[in-house]
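Enquirer: Pasted the sequence and its predicted model underneath.
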Amino acid sequence: MNRTGKAWDVIGFTFDGAGYCAECGESLPPENKYGDKPQPIFASDEFYITYEEDDGTVSYRSYGCDSCGEDIE
């Protein structure tokens, strides 16, 4: 995964316990029935760490969008 840009660039949104890429996030409602609004995911926020026990490789992977399935990056 190679990210360019600034750490504060918005690359997606979280809403109702799910993550969405920036494109799918554009179609989210402004708020849910509890008044919660979509929250930004910044370029410096969204990854998880995997560890391969076979060779000790550590990798950083993106989460997938709950709508389209693409990596949020």
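Expert: It's in.
Enquirer: now the strands: where do they sit in the protein?
Expert: Along the chain, the stretches classed as strands by DSSP state E are 10-15, 18-21, 39-42, 48-52, 57-61.
Enquirer: And the third one, what's buried?
Expert: Read that as strand 39-42. When neighbours are counted by 16 or more other Cβ atoms under 10 Å, the buried residues of strand 39-42 are found to be I41. (C-beta placed from N, C-alpha, C; glycine too.)
Enquirer: what's the answer for the second one, then?
Expert: Across strand 18-21, burial judged by 16+ other Cβ under 10 Å covers 19-21.
Enquirer: lowest confidence element among the helices and strands of this structure?
Expert: Using mean pLDDT, DSSP states H and E, strand 48-52 stands out as the lowest-scoring helix or strand of the chain, at a mean of 66.
Enquirer: sorry, back to before: put together JSON lines for the strands of the chain, with distance to I72 on each row.
Expert: Shown next, in JSON lines, are these (distance: least, Cβ to Cβ, whole Å):
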{"stretch": "strand 10-15", "distance to I72": "4"}
{"stretch": "strand 18-21", "distance to I72": "5"}
{"stretch": "strand 39-42", "distance to I72": "6"}
{"stretch": "strand 48-52", "distance to I72": "11"}
{"stretch": "strand 57-61", "distance to I72": "11"}
